[in-house]
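Novice: heads up, no residue letters with this:
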């Protein structure tokens, strides 16, 4: 009768044809002495700093998990519903307000149904290129995907088209 698998010691053997030329010594890496000296100098000059061990308390950890779930699970599902709504809204604004041809002299300042002030520094890379010089902004809304950026804070938009 044989021993149960968990009681038997695990034996690993190297086949004899693979054992030729194998030495029983650990692998060693050699570091050139000048590089080793540079590494040691850096270790001495730059102190190691770490943050407090409890950067995130339990409440923040829970909100982090909620945020990850919202981003990975709910956002993709919502996109299927949001895309047609935003597309329809953008095309109605294009025909009614000519948002695709806007200039500094004539641009839609507020979206009237919600009385939302539109933020044009968030689109077309305006804030990066022109800063606060609103006269130089590109006010044209060129696609339905740019319009939602007008309705959000500049720091809330991660992309500029």
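Specialist: Received, thanks. It should be emphasised that the depicted structure is a prediction, and the values quoted were computed from it without experimental measurement.

Novice: now do the biggest helix by length in the chain: which elements does it pack against?
Specialist: Looking across the chain with DSSP state H, the single longest helix is helix 75-97. Secondary-structure packing of helix 75-97 (3 or more CB pairs under 8 Å, 6 or more residues apart in numbering; DSSP states H and E): helix 147-150. From N, CA and C alone the C-beta is placed, and that goes for glycine too.

Novice: repeat the analysis, applying 10 Å as the threshold.
Specialist: Packed against helix 75-97 by the contact rule (3 or more CB pairs under 10 Å, 6 or more residues apart in numbering; DSSP states H and E) you find strand 110-111, helix 147-150.

Novice: partners of residue 110 in the sheet?
Specialist: Each beta-bridge partner of residue 110 is listed here, defined by DSSP bridges: residue 117.

Novice: burial of it, as a residue count?
Specialist: The local packing count at residue 110 equals 10, with neighbours defined by other CB atoms under 10 Å.

Novice: ok, which of the helices and strands packed on helix 75-97 comes nearest residue 68?
Specialist: Relative to residue 68, the nearest member of these by CB to CB is helix 147-150, separated by 22.0 Å.

Novice: list the buried residues of that closest one.
Specialist: Along helix 147-150, the positions that meet the burial threshold by neighbour count (16 or more other CB atoms under 10 Å) are 147, 149, 150.

Novice: which strands or helices does it pack on?
Specialist: Secondary elements touching helix 147-150 (3+ CB pairs under 10 Å, 6+ apart): helix 75-97.

Novice: which residues sit against the helix it packs on?
Specialist: Applying CB atoms under 10 Å, 6 or more residues apart in numbering, the contact partners of helix 75-97 are 69-70, 99-101, 106-108, 111-113, 141-148, 150-151.

Novice: for residue 41, see how far away residue 149 is.
Specialist: As for residue 149, its distance to residue 41 is 48 Å (criterion: CB to CB, to the nearest Å).
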